[in-house]
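Asker: Sequence unavailable; structure follows:
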């Protein structure tokens, strides 16, 4: 896990930790469903950070600590305060004291004459009159069934609301012009009827261990209040601070995160020998085929090292057999080139289990956030080896013949690695997939292009 944290973006790392490593399931098992929302919010936070910053774990943790980011369910804060919410929003929550302030209101009725009925062919809509007085028998049955479902849902929500209280529950309301039969169906009416059925002297309270447990009480005479009187002190000067009239300054926009290749100076980039996919149609079929060959070698060198040695050749054969437009001879040629690299003792340490493939790396160079992917990375106690795949054909035979854009790009990778691994020797190398050949680039060629 610590190795992953060094190289993976924060979102990818925590996605692995909470998903593949079952971190989410374990936290929910230990803390309950209340942990689900904070975990989702945390993942959103990690994703948002990667969108605006170089995706490094150290930077992410520093950002969270520096900005004092808090991720929690606001409705479950332990601090003292009044929380106002709907019954639906209160599901799963509890509080020592709960008020139900509006329980004498009549429920709205649905006047829309659209009903859904089950038929042998499935569910179908049925349009009826909006007035119950003229309902035909079929519509009357559907309307009564809908009313029954609505009443059951209201009573279910009342149960949810009442069971949110840990110690005290206040069921409140005020007199309205509802008729007695409709008032009896309100939440207040249902609770009052239930309480009166518990004791003949409920007006004085239902007692348990000499303490009133359930009490019916009337408070206030119903007089309207036009305004709330407040104490005022004319001696206090009510003036706004000077900054009140100043426009709010927008926060500075985070600089764009660039890939290492985007930091190559234009004069150097113009010398690039890399074939753009946009140029494929302008090049010969032979050139496009050569470019595709390099991509297939790159893909195999990325994936095969993760397999047991004895399974690599067979897996590569299956992969190449699915490639479109590649002849059997070309498949054999690519397979031979890849296996020569993987089986060469000189390259063994690059492709063993200690090396990392497709490793993200990020940092800031000359004030510019940079993020890239290293094809192959080998980290030891005293040394870091960066390997990047290139598919030029024919490839250079010496380090001095390396195209200048590649030297500039590797200089950026080297600078980033030096930041990530201070105190270690940083080496950069190019693996020419068309040869194949591994060429170590000396510092004398790379350092003139350094941005550090």
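Answerer: Thanks, I have the structure now. Please read these numbers as outputs of a predicted model, since none were measured by experiment. Numbers count the residues shown, from 1 in each chain.
Asker: Tell me where the stretch 1-150 of the chain has helices.
Answerer: For the stretch 1-150 of the chain, the helices defined by DSSP state H, counting those that start in this stretch cover 2-7, 10-18, 23-31, 36-52, 57-66, 137-162.
Asker: Mind putting those into TSV with mean pLDDT and mean neighbour count?
Answerer: Using the backbone N, CA and C atoms, a C-beta is placed for each residue, glycine as well. Compiled in TSV, those are given as follows (pLDDT from 0 to 100; neighbours: other CB atoms under 10 Å):
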stretch	mean pLDDT	mean neighbour count
helix 2-7	77	14
helix 10-18	89	19
helix 23-31	85	13
helix 36-52	82	16
helix 57-66	82	15
helix 137-162	84	13
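Asker: looking at those helices, which is closest to residue 335?
Answerer: helix 2-7 (29.5 Å; CB to CB).
Asker: dump the residue contacts of residue 312.
Answerer: 304-305, 339, 342 (CB atoms under 8 Å, 6 or more residues apart in numbering).
Asker: Would you mind giving me the PyMOL syntax to select the buried ones in those?
Answerer: Filtering these down to the buried ones (16 or more other CB atoms under 10 Å) takes a single PyMOL command:
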select buried, resi 304+305+342
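Asker: Need the max-distance pair from the contacts of residue 312.
Answerer: Longest span within the contacts of residue 312, CB to CB: 305 and 339, 11.9 Å.
Asker: CSV for the helices of the stretch 1-150 of the chain, including distance to residue 191?
Answerer: Output for the helices of the stretch 1-150 of the chain, formatted as CSV (distance: least, CB to CB, whole Å):
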stretch, distance to residue 191
helix 2-7, 55
helix 10-18, 43
helix 23-31, 33
helix 36-52, 31
helix 57-66, 46
helix 137-162, 8
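Asker: Of the ones you listed, which is nearest residue 353?
Answerer: Per CB to CB, nearest to residue 353 of those: helix 2-7, 11.4 Å.
Asker: distance between that closest one and the chain's centre?
Answerer: Mean C-alpha position of helix 2-7 versus that of the full chain (CA atoms, centre = their mean, to the nearest Å) differs by 19 Å.
Asker: In terms of secondary structure, what does it contact?
Answerer: Counting contacts by 3 or more CB pairs under 8 Å, 6 or more residues apart in numbering; DSSP states H and E, helix 2-7 packs against helix 10-18, strand 356-365.
Asker: tilt between the longest one and helix 36-52?
Answerer: It stands for strand 356-365. Computed by axes from the mean of the first three to the mean of the last three CA atoms, to 10 degrees, the angle separating strand 356-365 from helix 36-52 equals 70 degrees.
Asker: and stretch 413-423, average pLDDT?
Answerer: For stretch 413-423, mean pLDDT is 92.
Asker: If you count neighbours, what's buried in that stretch?
Answerer: By neighbour count with 16+ other CB under 10 Å, stretch 413-423 contains the buried residues 413-421.
Asker: Just the residues you listed: which are in helices?
Answerer: Mapping the buried residues of stretch 413-423 onto helices (DSSP state H) picks out 413-420.
Asker: What does the closest residue to residue 355 other than its chain neighbours show for phi and psi?
Answerer: Spatial nearest neighbour of residue 355, chain neighbours left out: residue 378 (4.5 Å); criterion: CB to CB, 6 or more residues apart in numbering. Per-residue torsions, residue 378: phi -120, psi 120 (degrees, to the nearest 10).
Asker: List the contacts of residue 378.
Answerer: Contacts of residue 378 by CB under 8 Å, 6+ apart are 349-350, 354-356, 384-385, 387.
Asker: ok so residue 324 is a strand residue?
Answerer: No. Residue 324 sits outside any strand when classified using DSSP: H, G, I helix; E, B strand; the rest coil, being coil.
Asker: Can you check the pLDDT for it?
Answerer: Reported pLDDT for residue 324: 79.
Asker: Please tell me how far it sits from residue 350.
Answerer: 30 Å (CB to CB, to the nearest Å).
Asker: Also residue 91?
Answerer: Residue 91 is 55 Å from residue 350, by CB to CB.
Asker: quick one, which of the two is more surrounded?
Answerer: Of the pair residue 91 and residue 350, residue 350 is the one with more neighbours under other CB atoms under 10 Å, namely 22 against 12.
Asker: in this protein, which spans are strands?
Answerer: In the chain, the segments counted as strands under DSSP state E are 95-100, 114-119, 122-127, 165-171, 206-208, 211-214, 356-365, 368-379, 383-390, 425-432, 437-441.
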